[in-house]
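Q: got a predicted model here, sequence first, then my questions.
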Amino acid sequence: MNHSRILSIKRLIEERGRISLNELTRRFPEVSSMTVRRDLQALENEGILIRVRGGAVSVKELNKNVEDMYSQRAISNTELKKEIAVKAVEFAERGHSIFIDSGSTTLFFAKELPDLNYYVTTNGINIAFELSRKAMPVVNMIGGVISKNNLSASGSLSQMFLDNVNVDIAFMACSGFTPENGFMCGHMNENEFKNNVVKKARKRVMLMDTTKVNRSMPFTFSTLDDIDVLITDSSLSNEMKQEIKNRAPNILIV
């Protein structure tokens, strides 16, 4: 194995973020494409890159894309999310088992949650980190397959963990909502997990800013009838409030 060539490939991938196999074989004509593939395998084993079809992408580039994607969502509509988070704190009961769903709005809720004796279970990496900075809450972090879009865990391992947890109050988040289809998300694993949380919880509180209203996503994880409290911002129209109440008379809209 030629360490000088591998070092050159490493520098290239770190400078550019990604590179194709064709370009590498042109740069190193003295070796076969199979040899270049083995070099990429060696760098992948070191955690430098991820091999993809036709080339490779640096791990740093992948992480940057994930951070940019999440950061963009986290800083959008911040005033609406903070308004919702402040309202939601009133529904958090001390000494009870609460679940906090992943999401940028629920992250604001975690920030607003007082430093008191809450027992929190979450599948949001960022939410667990935020709550770990407080002294008193006990935080259980659910494991599983990590979604790069919202830094959440889901899948069969997540479900196994959830099966062994009692949930008094679930604070949920959604990616889209229509009165007809209910509360929606974009991924099947996430959908199944959210649905099971809603079924398990004694009380269900949905945190939803009005940018999600009339936005359709592929999967519905709960309907209006499944939710006890809908916490939204002051931009929700009276017409939409009335339509929601017509469909779910017992829901509390805050």
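A: Happy to help now that I have it.
Q: would you mind measuring from the nearest residue to G103 once chain neighbours are set aside to E83?
A: With C-beta to C-beta, 6 or more residues apart in numbering as the criterion, G103 has its nearest non-adjacent residue at 3.3 Å, and that residue is A173. For glycine as for every other residue, the C-beta is placed from the backbone atoms N, C-alpha and C. Computed as C-beta to C-beta, to the nearest Å, the A173 to E83 distance reads 15 Å.
Q: rewinding a little: contact partners for the residue nearest to G103?
A: 101-106, 206-208 (C-beta atoms under 8 Å, 6 or more residues apart in numbering).
Q: now do D115
A: Contacts for D115 (C-beta under 8 Å, 6+ apart) come out as 134-137.
Q: neighbours of T232, just the number please.
A: For T232, the neighbour count with other C-beta atoms under 10 Å is 24.
Q: next, it: phi, psi?
A: Main-chain dihedrals, T232, degrees, to the nearest 10: phi -140, psi -170.
Q: check the gap between it and K81 for me.
A: From T232 to K81 the distance is 11 Å (C-beta to C-beta).
Q: what is in contact with the two at once?
A: Both T232 and K81 are in contact with D209, where contact means C-beta under 8 Å, 6+ apart.
Q: now H96. Nearest residue, chain neighbours left out?
A: Of all residues not flanking H96 in the chain, D168 sits nearest, at 4.3 Å (C-beta to C-beta, 6+ apart).
Q: quick one: contacts for the one you found?
A: 93, 96-98, 201-203.
Q: run the last query once more with 7 Å
A: Taking C-beta atoms under 7 Å, 6 or more residues apart in numbering as the criterion, D168 is in contact with 93, 96-98, 202-203.
Q: and the residues you listed, which of them are buried?
A: Buried positions within those, assessed by neighbour count (16 or more other C-beta atoms under 10 Å), are 96-98, 203.
Q: export those residues to a markdown table and tack on distance to D39?
A: Below are the buried ones among the contacts of D168 laid out as a markdown table (distance: C-beta to C-beta, whole Å):
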| residue | distance to D39 |
| --- | --- |
| H96 | 55 |
| S97 | 51 |
| I98 | 50 |
| K203 | 56 |
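Q: in strands only, show me those residues.
A: Taking DSSP state E as the definition of strands, the buried ones among the contacts of D168 contribute 97-98, 203.
Q: and of those residues, the nearest to A110?
A: Set against A110, the nearest of these by C-beta to C-beta is I98 (10.7 Å).
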